[in-house]
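Peer 1: got a sequence here, can you model it:
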Amino acid sequence: MLSDAVRTELADELERAERDRVPIDPLVSRFPEIDVVDAYEIQLLNIRRRLDTGARVVGHKVGLSSKAMQQMMGVDEPDYGHLLAEMEVYEDVPVEAGRYLFPRVEVEVGFVLGADLPGADCTEADVLAATVAYAPAIELIDSRIKDWKIGLCDTISDNASSAGYVLGPERVAPKDIDIKAIDAVLTRNGEVVAEGRSDAVLGDPVIAVAWLARKVASFGVRLRAGDVVLPGSCTRAIDARPGDAFHAEFAGLGSVRLQFG
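Peer 2: Sure thing, here's the model as predicted:
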């Protein structure tokens, strides 16, 4: 494990990298002793700094929620990051690609919570009972690590590579759709670039949200009514370039757009 001083130093580096848009070398190559606890503490250092300056947590995202990504990273569980109000982007407002280092988009079925979730003992049934609606979503991810050459502790420290998210207008109640069988198609500038299905997320995205509720409880955090939860991507991540127009269509759930300027 790292000392508190080193954790603070690495949080400082990541904060500067995001602010100045100058990527840094991987943490795991410079500090091979870093572990998952270090990484989450580094993430929390920067989240607390942003909260101290007026930012607001509006939800969380789950990463590494496909078996393929877990195998690639050599892990057996997902990771998570925080969603802040300032990270929300909108369908009708182009996002400036230059705000980011290496932006990519992912297609997700978003959860909108209508009630607080339990903590350490949260079950899938609890998640379904607390979810007021599913929503079509695109997550905008980015890495403050050079060229996306990341290990597990790099991405966790870097707020699970979070950068932004957009929700489409449609809302569908859990009772009205099979969360495990939502086909999704992503186009970029009218060309299909990715296809997938919602069960790519641990076989059932509800499992990812229940895992998240239990995991964040160990850090004294709860998932609350009104929160947005992004459980993981239905498709592979796609690079975003200046001028790109993305459109994600979800069977039975609607669609969502994201335009880059």
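Peer 1: residue 225 reaches residue 113, doesn't it?
Peer 2: Yes - between residue 225 and residue 113 there is a contact at 5.6 Å, judged by Cβ atoms under 8 Å. Where C-beta positions appear, they are placed from N, C-alpha and C, glycine not excepted.
Peer 1: have a look at these two and say which one is more surrounded.
Peer 2: residue 113 (21 against 12; other Cβ atoms under 10 Å).
Peer 1: contact partners for the more buried one?
Peer 2: By Cβ atoms under 8 Å, 6 or more residues apart in numbering, the contact set of residue 113 is 130, 131, 132, 223, 224, 225, 226, 227, 228, 229.
Peer 1: any idea which residue sits dead centre in the chain?
Peer 2: In the chain, the centroid-proximal residue (Cα atoms, centre = their mean) is residue 61; its distance is 3.5 Å.
Peer 1: what's the nearest residue to that one if we skip its chain neighbours?
Peer 2: Nearest residue to residue 61, sequence neighbours excluded (Cβ to Cβ, 6 or more residues apart in numbering): residue 230, at 4.1 Å.
Peer 1: what number of residues lie near that neighbour?
Peer 2: Here the number of neighbours of residue 230 (other Cβ under 10 Å) works out to 32.
Peer 1: quick one: it and residue 31, what's the gap?
Peer 2: Remark: distance between residue 230 and residue 31 (Cβ to Cβ, to the nearest Å) = 28 Å.
Peer 1: ok, residue 41 next?
Peer 2: Distance from residue 41 to residue 31, by Cβ to Cβ: 13 Å.
Peer 1: list the contacts of residue 51.
Peer 2: Neighbouring residues of residue 51 by Cβ under 8 Å, 6+ apart: residue 57.
Peer 1: and it, that's in a helix?
Peer 2: Yes - residue state for residue 51 (DSSP: H, G, I helix; E, B strand; the rest coil) corresponds to a helix.
Peer 1: mind checking how far it is from residue 85?
Peer 2: For residue 51, the distance to residue 85 - Cβ to Cβ - is 11 Å.
Peer 1: can you list residues touching both of those two?
Peer 2: Residues touching both residue 51 and residue 85 (Cβ under 8 Å, 6+ apart) are residue 57.
Peer 1: related to what we said a few turns ago, residue 41 and residue 31: which is more packed in?
Peer 2: Legend: neighbour count by other Cβ under 10 Å for residue 41 and residue 31, higher for residue 41 (20 against 16).
Peer 1: which SSE is that one in?
Peer 2: Assigned by DSSP states H and E, residue 41 belongs to helix 36-52.
Peer 1: list the buried ones in the helix or strand that that helix is followed by?
Peer 2: Using DSSP H and E, the next helix or strand after helix 36-52 towards the C-terminus is strand 57-63. For strand 57-63, the neighbour count (16 or more other Cβ atoms under 10 Å) marks 58, 59, 60, 61, 62, 63 as buried.
Peer 1: what's the answer for stretch 33-40, then?
Peer 2: Of all the residues in stretch 33-40, those buried under the rule 16+ other Cβ under 10 Å are 34, 38, 39, 40.
Peer 1: now render those residues as CSV, adding distance to residue 146.
Peer 2: Below are the buried residues of stretch 33-40 laid out as CSV (distance: Cβ to Cβ, whole Å):
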residue, distance to residue 146
34, 17
38, 20
39, 17
40, 22
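Peer 1: turn those into a markdown table, columns for pLDDT.
Peer 2: A markdown table is the format used below for the buried residues of stretch 33-40 (pLDDT from 0 to 100):
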| residue | pLDDT |
| --- | --- |
| 34 | 97 |
| 38 | 96 |
| 39 | 96 |
| 40 | 95 |
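Peer 1: fine, thanks again, bye for now.
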